[in-house]
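Asks: Quick one, structure for this:
(one chain, ligands or ions: 3)
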Amino acid sequence: MNPMGEKYLRKDSLPFLWCPGCGNGTILAATVRAVDQLGVIDDVALIGGIGCSGWIPVYIKADVFHVLHGRTMAFGTGLKMSDPKRKVIIFTGDGDCLGIGGNHFIHAARRNLGMTVLMVNNQIYGMTGGQVAPTTPLAAKTKTSFFGNPEDPFDACELAKAAGATYVSRWTAAHPIPLSKTIAEAISHEGFAFVEIIAQCPTQAGRLMYGISDPAAMLEFLKGKTIPAGAARNLSEEERKGKLIIGKLFHDSEKTEFSKRYYQMVGKSEKDA
Ligand SMILES: Cc1ncc(C[n+]2csc(CCOP(=O)(O)OP(=O)(O)O)c2C)c(N)n1
Ligand code: SF4
Ligand SMILES: [Mg+2]
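Replies: Numbering: from 1, shown residues only. Ligands and ions are numbered 1, 2, ... in the order given. As a prediction, the model looks like this:
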């Protein structure tokens, strides 16, 4: 095992439950590198929802909570408000975050609550067998949209920004190095930081939607759909259609983080929390 694995993985929880070539392993590695670079492993609280992606924190030696489906941000809110010094990092699937957990998500963003939300977007409900998700592309075939998905998907980054998130970024599992740097930046951001990570799910999304079950081919496919945010600014709406705009999309470092604002208003120091 490599030194990072030795240092941070719960070896008694291995092997990973993920399918071979799943993007969640890359996201776990990118998170561990970010936490190691910042030297904050003792300050983090890692919260995972229900779904394949919700298992990412379970393998990391830290304070970890594996909570109800869609309730990561509800748990994170309680945790942050009672212990504002904690660096709360949330691992949530696209279904977990935008489907059942959609309401918690928009309100945590609206409050600019200090947490890092890593939303793994594999465009499908992976763990339960490939049902349509709020991120499933229009016309895509899944187990529950056999004739094609009649719904338009959410743009999670636009939603986060509109709701009040103060740091918004999008990468894919095919960009592990910038992803790790972004996660470090998001953890260092005081307010609500949202990182959407487009990840390959060869078993469900790959097979059902794209007819690609090879993880490497799926990664190449996703990479081919990306455009860096800077370059995308010069493209027309038509040229951007169907593309994934990657990079930092929004950053406001001025707005006061919620727990700080709350403790100031009630005249208490957050140290008394
Ligand atoms: C209250 C509740 N409703 C439904 C489920 C069943 N369920 C488990 S995971 C999941 C969806 C997982 O999809 P996503 O959040 O995108 O995570 P992924 O597995 O794709 O990483 C569902 C519907 C549940 N566990 N609890
Ligand atoms: S079903 Fe998809 S997301 Fe879940 S472990 Fe398998 S490849 Fe990964
Ligand atoms: Mg999913």
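
Asks: so for stretch 61-79, what's the average pLDDT?
Replies: The pLDDT scores in stretch 61-79 average 98.

Asks: which residues sit against it?
Replies: Contact partners of stretch 61-79, identified using Cβ atoms under 8 Å, 6 or more residues apart in numbering, comprise 7-10, 35, 41-42, 44-51, 54-55, 57-58, 86, 88, 90-92, 96-97, 99-102, 104-105, 107-108, 113, 115, 117. Every residue, glycine included, has its C-beta placed from N, CA and C.

Asks: Buried residues of it, list them for me.
Replies: 62, 64-67, 69-77, 79 (16 or more other Cβ atoms under 10 Å).

Asks: Looking at the residues you listed, spot the one nearest ligand 1.
Replies: Taking Cβ to the nearest ligand atom as the measure, H69 is the one of the buried residues of stretch 61-79 closest to ligand 1, at 3.5 Å.

Asks: pretty sure that closest one is in a strand, no?
Replies: No: assigned with DSSP: H, G, I helix; E, B strand; the rest coil, H69 falls outside any strand and is coil.

Asks: and the gap between P215 and ligand 2?
Replies: Counting by Cβ to the nearest ligand atom, to the nearest Å, the separation of P215 from ligand 2 is 8 Å.

Asks: now do A232
Replies: 27 Å.

Asks: Repeat that for A199.
Replies: 7 Å.

Asks: about what we covered before: can you flag the buried ones in the contacts of stretch 61-79?
Replies: The buried subset of these (16+ other Cβ under 10 Å) comprises 8-9, 35, 41, 44-51, 54-55, 57-58, 86, 88, 90-92, 96-97, 99-102, 104-105, 108, 113, 115, 117.

Asks: ok, which of those also contact ligand 1?
Replies: By Cβ under 6 Å from any ligand atom, the members of the buried ones among the contacts of stretch 61-79 lying near ligand 1 are 50-51, 96, 100.

Asks: Following element in sequence after the lowest-mean-pLDDT helix or strand in the chain, please.
Replies: Using mean pLDDT, DSSP states H and E, helix 237-240 stands out as the lowest-scoring helix or strand of the chain, at a mean of 90. Where DSSP states H and E defines the elements, the next helix or strand beyond helix 237-240 is strand 244-251.

Asks: So which residues make contact with that next one?
Replies: 157, 161, 165-172, 175, 178, 182, 185, 189, 198, 222, 225-230, 232.

Asks: Each with direction, which strands does it pair with?
Replies: Here strand 244-251 is paired, per DSSP bridges, with strand 167-172 (antiparallel), strand 226-228 (parallel).

Asks: I'd like the mean pLDDT over that strand, please.
Replies: 98.

Asks: Pull out the buried residues from it.
Replies: 244-249, 251.

Asks: Pull the most distant pair out of these.
Replies: Farthest-apart pair in the buried residues of strand 244-251 is L244 and H251; separation 19.1 Å (Cβ to Cβ).

Asks: about what we covered before: and of the buried residues of stretch 61-79, the nearest to ligand 2?
Replies: For the buried residues of stretch 61-79, the nearest to ligand 2 is H69 (14.6 Å; Cβ to the nearest ligand atom).

Asks: Look at E270 and report its pLDDT.
Replies: Note for E270: predicted pLDDT of 66.
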